[in-house]
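Asker: What would the 3D arrangement of this be:
(chains A, B, C and D)
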2 protein chains.
Amino acid sequence: MDSQARLDELLTRLREQGYRLTPQRVALVQLLIDSKTHPSAGQIYEQLHAQFPTMSLATVYKTLHLLKEMGEVLELGFGDDDNRYDASDPDPHPHLVCIRCRKIIDPDVPVFETLAQEVAAASGYHILSHRLDFFGICPACQEEAAEN
Amino acid sequence: MDSQARLDELLTRLREQGYRLTPQRVALVQLLIDSKTHPSAGQIYEQLHAQFPTMSLATVYKTLHLLKEMGEVLELGFGDDDNRYDASDPDPHPHLVCIRCRKIIDPDVPVFETLAQEVAAASGYHILSHRLDFFGICPACQEEAAEN
DNA sequence: GTGCTTGCAAACAGTTTGCAGATAG
DNA sequence: CTATCTGCAAACTGTTTGCAAGCAC
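Answerer: Numbers count the residues shown, from 1 in each chain, chains lettered A, B, ... in the order given. As a prediction, this is how the structure comes out:
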């Protein structure tokens, strides 16, 4: 789905559920969808603060919470770092994390429905979701390391 | 590997690297290895506090940090919850998380070396590690839900 | 106009750190 | 004996919350 379509979809969904389309919310949703790097709340705040000098971090968190509740955004927590947010596709999909520059991208890999089914069958769990992350060093950081 | 062998291995490795085997450390390592539920720092602290009434949370964290540095323990962070620790097998392996009771177990599933290779080839990343978590409801919690 | 939303500041939880006294080797 | 480790308390970081003023509808 292209960014524009996803943006329209999200804004429509917000309006339909009775939420107000404040400039801050629209800007945040736009930023989140345009970004390919899955930004953190702090990064979102920094960028929006340029547009809205009075905007607070609390609003960022409240809006992200709202989108999470609606199931329109994936919250990627790592425990040792701040959470990252992915609104491009709300269904679980793998992520590829550079442990050096902390960039996170969506790699193109086939999903594995079968594995989840196997796990469910073997464990008796009712599996609702999953998460698959790869950690490594991105091409840019590999080059940088080679130079030094 | 059985628990006793793993415990010996870990204690030996600590000693070899010049770390002191304090009673607190030995008890923590033992607890971690015996536990099948991947406890949090707080849970570890509560249990050890029964044995060592003066033991502090800081010591728990410091010891976990040490084991992490040695690569002998897996730290499982989720972002919305406290971190969980797995010392049974320091190599990455899938986890199965009950979203109701927060129990975490190691399911028996084949690992997928091929997928990591595919991702590496397609992205140019140098992949070092990965993490695969399934989220669902464990059999006990399913029953409990059915009763109510 | 109504009441949801914002922005501030304070609260919060998990984790980390500094330091003085305790202790493993 | 000595360097490491412990335990306390305070600091820190990311996130959440309460509340009065502001603004979307």
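
Asker: Tell me which strands the lengthiest strand in chain A pairs with, and in which orientation.
Answerer: Longest strand in chain A by number of residues (criterion: DSSP state E): strand A:126-137. Strand pairing for strand A:126-137, using DSSP bridges, gives strand A:95-98 (parallel), strand B:126-137 (antiparallel).

Asker: Could you pull up the mean pLDDT of that strand?
Answerer: The predicted model assigns strand A:126-137 a mean pLDDT of 94.

Asker: That one: which residues count as buried?
Answerer: Of the residues in strand A:126-137, A:127, A:130-137 count as buried by neighbour count, 16 or more other C-beta atoms under 10 Å in any protein chain shown. Placement of C-beta: from N, CA and C, glycine included.

Asker: which residues sit against that strand?
Answerer: With contact meaning C-beta atoms under 8 Å, 6 or more residues apart in numbering or on different chains, strand A:126-137 is reached by A:76, A:92-100, A:107, A:116, A:119-120, A:145, B:96, B:99, B:116, B:119-120, B:125-137, B:142.

Asker: Minimum distance to A:Tyr19: which of the strands paired with strand A:126-137 has it?
Answerer: Closest approach to A:Tyr19 among those (C-beta to C-beta): strand B:126-137, 26.7 Å.

Asker: what's near enough to touch the most centrally placed residue in chain A?
Answerer: In chain A, the centroid-proximal residue (C-alpha atoms, centre = their mean) is A:Asp86; its distance is 1.3 Å. Contact partners of A:Asp86, counting by C-beta under 8 Å, 6+ apart, are A:38, A:73-74, A:76, A:95, A:104, A:106.

Asker: Make TSV out of the strands paired with strand A:126-137 and add distance to DNA strand D.
Answerer: Shown next, in TSV, are the strands paired with strand A:126-137 (distance: least, C-beta to the nearest atom of the strand, whole Å):
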stretch	distance to DNA strand D
strand A:95-98	15
strand B:126-137	17
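
Asker: For DNA strand C, which of those is the nearest?
Answerer: When the strands paired with strand A:126-137 are compared by C-beta to the nearest atom of the strand, strand B:126-137 sits nearest DNA strand C, at 16.0 Å.
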